[in-house]
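Asks: Requesting a structural model of the entry that follows:
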Amino acid sequence: MARWLVTGGAGFIGSHLAEALVGKGETVRIADSFITGNRRNLAAAGDRAELVEGDLADPAVAARAVAGMDYVLHQAAIPSVPRSVKDPATSNRANVDAMKASGNPEVRRFLGLDMDLGRRLGLNADWTQCAIRKVGNYGELFERHLGLKSPLKLERQLNNLASHGGLHYAPAFR
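Replies: Numbers count the residues shown, from 1 in each chain. This next block holds a predicted model:
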């Protein structure tokens, strides 16, 4: 049997993933800070899943969460444009700073930590981090310049996350 870590396991999607995995007899560990997750969502997995409570931006919590795991299903996020606009430092920490400690080569390449893409483009190595910190993520940009709070007042409609009826899906990192 494989050992699975589900980050954001107290959220809607993460809790369903954990429930499905324990239902198949897999070993499951859930990591969640409960900033947006809900303890009620853990009921389906019950005592068949181990819980690591804490902020994955804390290297000690992240190390404890991933120790001994074969796979990580990363669902942890702060999924709220209004929250990220109201508290950009927390959003940036979740979206950028926490990812810096990632061992995932694709994440590290995206952040400019392990290759010289920025330099080849005439930019600093951390250009993606700087862009996200300065202007926000895509949802924040849309709301600010095109969305209901902008002069254009456009609805996202199909230009939205799949979880909100749109066509945007997060890419799978391998």
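
Asks: Spell out the residue ranges of the strands in this structure.
Replies: 3-7, 27-32, 49-53, 71-74 (DSSP state E).

Asks: Check the ones you listed for me and report the most buried one.
Replies: Ranked by mean neighbour count, these are led by strand 27-32 with a mean of 25 (mean count of other CB atoms under 10 Å). (Glycine included, C-beta is placed from N, CA and C.)

Asks: mind listing what it pairs with, with the direction of each?
Replies: strand 3-7 (parallel), strand 49-53 (parallel) (DSSP bridges).

Asks: which phi and psi does residue 104 have?
Replies: phi -70, psi 120 (degrees, to the nearest 10).

Asks: list the contacts for residue 33?
Replies: Neighbour list for residue 33: 53-56, 76 [criterion: CB atoms under 8 Å, 6 or more residues apart in numbering].

Asks: If you rank these by neighbours, which is first?
Replies: residue 76 (26 neighbours; other CB atoms under 10 Å).

Asks: Turn the contacts of residue 33 into a markdown table, including pLDDT.
Replies: Below are these laid out as a markdown table (pLDDT from 0 to 100):
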| residue | pLDDT |
| --- | --- |
| 53 | 95 |
| 54 | 92 |
| 55 | 86 |
| 56 | 81 |
| 76 | 81 |
